[in-house]
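Novice: sharing a model prediction with you, sequence too.
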Amino acid sequence: MNSPLRFATIFLSVGVFLLFIWISRSIFIAAFLGILFAVSIMPAVEWLHRFRVPRGLGAAAIVALVFALLAGIAVLLAPVLQQQGVELQQKLPEAIDRIDRELLKRHILPNAADAATQQHSPLRGILRQQAGAVIPYLFPFFSTTIASMTGLILVIFLTIFFAADPKTYTEGILHLLPRAHRERGGEVLATMGRSLRAWLVARSIAMVTIGAIVTAVMAILGVRASVALGVIAGLLEFVPVFGPIIGAIPAIALGFVDSPQKALAVLIAFVIIQQLEGNVLIPLLLQKAVEVPPALSLIGIASLGIVLGVLGVVIAEPLVAVALVAVKMLYVEPVRHDATVQPETV
């Protein structure tokens with residue numbers, strides 16, 4: 001096959017593949033989440049299999065145990081979260097009104113002179129308008145309750161199926177490769193699995209750690225609803241880059257209810273916490289298992305967020321990590337090897 005024809009074939013194949021991904025993008029997200037969660041529980045499934053527990057039963061039991069653990073935590077925190085959730089619902093509008101008055105006083109909001117006489121907060125109107133414009137892009141899939149439940153059930157079953165019989169799926173992928181490259185392909189898939197597992201474990205530990213730290217710091221600073229704010233910050237920690245920023249907003253707003261000085265203290269606290277998380281906690285947890293440069297992570301998050309919405313933001317960083325593993329092992333390492341071998345053969 002000559003070069004132009006080969007290039008055209010590759011280009012057409014990539015185009016067809018991307019079109020297929022776009023058409024079935026919601027299924028692609030569910031499948032990737034299933035793989036992500038499956039590789040994280042595979043060591044536990046293997047451990048149970050040593051005691052003659054069938055892999056399928058072991059995978060289902062581990063998934064059920066995880067949900068039971070989450071349900072238990074939710075039950076324990078429910079009374080506090082319910083009480084502080086009501087407080088959040090009451091105090092956040094008050095915080096917005098106070099911020100609104102400060103912005104109007106400094107003529108930062110548009111039409112400040114007219115807005116001062118309006119019954120409704122201009123800032124609330126701006127936030128409502130922006131939220132209405134952004135939400136359809138953030139949640140293009142699973143936007144209804146039924147669709148959300150269907151997506152969750154699909155991810156759960158995919159997790160169990162992948163964890164119960166990973167050999168079938170890996171061999172199926174390897175059979176698509178020429179026989180001479182299957183051994184290397186198996187190494188690449190194994191490395192991808194370890195990278196995904198390391199990322200999910202590190203992110204989960206970071207969620208718990210950041211949630212606990214934010215709760216403690218907000219309580220020390222005297223910010224209302226410290227437990228609820230800690231839970232919000234911990235959950236949003238799963239979304240890299242943008243999650244911590246969004247998690248800081250309600251805490252800063254509640255700090256503003258008391259005084260601008262307290263809001264500034266909350267802002268400084270969140271900056272310090274996120275610096276420690278990004279520069280100490282996550283690198284320590286990952287131990288270079290997933291080396292994703294910040295610029296590439298941000299590009300991936302922004303790109304997939306635009307295309308796939310909020311779920312694209314969630315899977316962007318592990319997806320970029322997997323892509324980097326493939327590029328490193330399939331392209332960079334062979335090129336380096338050829339560069340070192342070539343002078344010896346000349």
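Specialist: Great, that's in hand. Numbers count the residues shown, from 1 in each chain.
Novice: sketch out the helices for the stretch 101-250 of the chain, chain order is fine.
Specialist: All helices of the stretch 101-250 of the chain, identified by DSSP state H, counting those that start in this stretch, fall at 112-115, 122-138, 145-164, 166-174, 182-221, 226-236, 242-258.
Novice: so of those helices, which one's packed in deepest?
Specialist: helix 226-236 (a mean of 22; mean count of other CB atoms under 10 Å). For the C-beta atoms, the positions are set from N, CA and C on the backbone; glycine is no exception.
Novice: and the residue nearest to L298 when sequence neighbours are not counted, how far is that from A60?
Specialist: For L298, ignoring the flanking residues on the chain, the nearest one in space by CB to CB, 6 or more residues apart in numbering is V241 at 5.9 Å. For V241, the distance to A60 equals 34 Å [CB to CB, to the nearest Å].
Novice: same check on V332?
Specialist: In terms of CB to CB, V332 sits 39 Å off from A60.
Novice: how about L19?
Specialist: From L19 to A60 the distance is 35 Å (CB to CB).
Novice: next one: D165
Specialist: 13 Å.
Novice: who has more neighbours out of the two?
Specialist: More neighbours surround A60 than the other of D165 and A60, with 18 against 13 (other CB atoms under 10 Å).
Novice: how big is the angle separating the strand or helix carrying I27 from helix 182-221?
Specialist: Here I27, judged by DSSP states H and E, is contained in helix 25-49. Angle of helix 25-49 versus helix 182-221, following axes from the mean of the first three to the mean of the last three CA atoms, to 10 degrees, is 90 degrees.
Novice: quick check: mean pLDDT across helix 25-49?
Specialist: Averaged across helix 25-49, pLDDT comes to 89.
Novice: list the buried residues of it.
Specialist: By neighbour count on 16 or more other CB atoms under 10 Å, the buried set for helix 25-49 is 25-26, 28-30, 32-42, 44-45, 48.
Novice: and that helix, what does it pack onto?
Specialist: helix 55-105, helix 145-164, helix 182-221, helix 294-308, helix 310-327 (3 or more CB pairs under 8 Å, 6 or more residues apart in numbering; DSSP states H and E).
Novice: buried residues, the fourth one. List them.
Specialist: Pointing back at helix 294-308 there. L296, S297, L298, G300, I301, L304, G305, L308.
Novice: quick one: low-confidence ranges for the stretch 151-300 of the chain?
Specialist: 287-291 (pLDDT under 70).
Novice: let's see it at 80
Specialist: Within the stretch 151-300 of the chain, the set of residues satisfying pLDDT under 80 comprises 151, 239-242, 256-258, 278-280, 282-298.
Novice: want to throw the helices of the stretch 101-250 of the chain into CSV with distance to F270?
Specialist: As requested, the helices of the stretch 101-250 of the chain are exported to CSV (distance: least, CB to CB, whole Å):
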stretch, distance to F270
helix 112-115, 28
helix 122-138, 20
helix 145-164, 29
helix 166-174, 40
helix 182-221, 8
helix 226-236, 8
helix 242-258, 4
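Novice: go through those and name the closest to V280.
Specialist: When the helices of the stretch 101-250 of the chain are compared by CB to CB, helix 182-221 sits nearest V280, at 10.7 Å.
Novice: off-centre distance for that closest one?
Specialist: Remark: helix 182-221 is offset 10 Å from the chain centroid, using CA atoms, centre = their mean, to the nearest Å.
Novice: quick one: that helix to helix 310-327, angle?
Specialist: Using the same axes, to 10 degrees: helix 182-221 against helix 310-327 is 140 degrees.
Novice: burial of P178, as a residue count?
Specialist: P178 - counted by other CB under 10 Å - has 7 other residues nearby.
Novice: ah, wrong one, I meant V86
Specialist: So V86, with other CB under 10 Å, has 12 neighbours.
Novice: can you tell me how far it sits from L92?
Specialist: In terms of CB to CB, V86 sits 11 Å off from L92.
Novice: what's the answer for L235, then?
Specialist: In terms of CB to CB, L235 sits 17 Å off from L92.
Novice: then M192?
Specialist: For M192 relative to L92 (CB to CB), the value is 42 Å.
Novice: same thing with I210?
Specialist: 21 Å.
Novice: show residues contacting stretch 63-82.
Specialist: I41, I156, T159, I160, V227, A228, V231 (CB atoms under 8 Å, 6 or more residues apart in numbering).
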